[in-house]
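Colleague: below is the structure, and that's it, no one-letter string:
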């Protein structure tokens, strides 16, 4: 059968349609790339409001602590104390996303973030903070939780938890071990709450101070102090 001559108009229309589809595909890929970049680097796309330079500097905890909060994980209050914030200012030139080889507790090696190893050497556990540092950190971590989009009821519970400890009768006692008991109770119970959230038992209202547990904690503090004195 003789071959029919091709229609130049039809070929042109097909080429134009193919080019249009390829252009749409490129636009879709570009849009997906922009969305992924916005997700990974959200601060690069922060809107610029019509506001003056603030009198008070922005509080910037370490990116390691902020990433923990973004995940809803437990993070030590030390990251929000004056000492930690000063440490961030001095070492802000370090690439927080850089990976380094580190020795783990069991003797194995693994790639970990430079920020996590740097902070691990300096961090102070909650129970070893003094009461002034505890009071410094609480409003700052609450603000960081809000910026990390924690659920409002979780933020309210944490705020009331710390507030109830700061106005507890133990705070007004002359005995420093009473305040120490509050700090240890805070450290232990907040860690347990984060574990419970991920367990079958689920969460509970941490802001309700368990006076029985607090009294047990106080007894343990006194016993430990008495043992230290006896061993001198």
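Modeller: Thanks, I have the structure now. As the structure is a computational prediction, the values presented were derived from the model and not from experiment.

Colleague: distance between the longest helix seen in the chain and the chain's centre?
Modeller: Counting residues, the longest helix found in the chain (DSSP state H) is helix 8-40. Offset of helix 8-40 from its chain centre (Cα atoms, centre = their mean, to the nearest Å): 39 Å.

Colleague: so residue 78 makes contact with residue 134?
Modeller: No - using Cβ atoms under 8 Å, residue 78 and residue 134 do not qualify as a contacting pair, with a distance of 9.8 Å. In short, each C-beta sits where N, CA and C put it, glycine included.

Colleague: what do the two both touch?
Modeller: Residues touching both residue 78 and residue 134 (Cβ atoms under 8 Å, 6 or more residues apart in numbering) are residue 126.

Colleague: now the most centrally placed residue in the chain: closest residue in space, sequence neighbours ignored.
Modeller: The residue lying closest to the centre of the chain (Cα atoms, centre = their mean) is residue 69, at 2.1 Å. Take residue 69 and drop its neighbours on the chain: the residue closest to it by Cβ to Cβ, 6 or more residues apart in numbering is residue 148, 4.3 Å away.

Colleague: distance of that neighbour from residue 136?
Modeller: Noted for residue 148: a distance of 19 Å to residue 136, by Cβ to Cβ, to the nearest Å.

Colleague: of these two, who's got more company?
Modeller: Remark: of residue 148 and residue 136, residue 136 carries more neighbours, 20 against 16, as counted by other Cβ atoms under 10 Å.

Colleague: residues touching that one, list them.
Modeller: Applying Cβ under 8 Å, 6+ apart, we find residue 136 in contact with 80, 81, 82.

Colleague: go again using 10 Å as the cut-off
Modeller: Counting by Cβ atoms under 10 Å, 6 or more residues apart in numbering, residue 136 makes contact with 77, 78, 80, 81, 82, 83, 84, 85, 129, 130.

Colleague: will you turn these into JSON lines that also has neighbour count?
Modeller: Formatted as JSON lines, the contacts of residue 136 follow (neighbours: other Cβ atoms under 10 Å):
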{"residue": "77", "neighbour count": "26"}
{"residue": "78", "neighbour count": "23"}
{"residue": "80", "neighbour count": "23"}
{"residue": "81", "neighbour count": "23"}
{"residue": "82", "neighbour count": "12"}
{"residue": "83", "neighbour count": "13"}
{"residue": "84", "neighbour count": "23"}
{"residue": "85", "neighbour count": "18"}
{"residue": "129", "neighbour count": "21"}
{"residue": "130", "neighbour count": "14"}
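
Colleague: now, which of these sits nearest residue 171?
Modeller: Distance to residue 171 across the contacts of residue 136 (Cβ to Cβ) is lowest for residue 130, with 12.8 Å.

Colleague: how about that closest one, what does it touch?
Modeller: 81, 124, 136, 176, 179, 180, 183.
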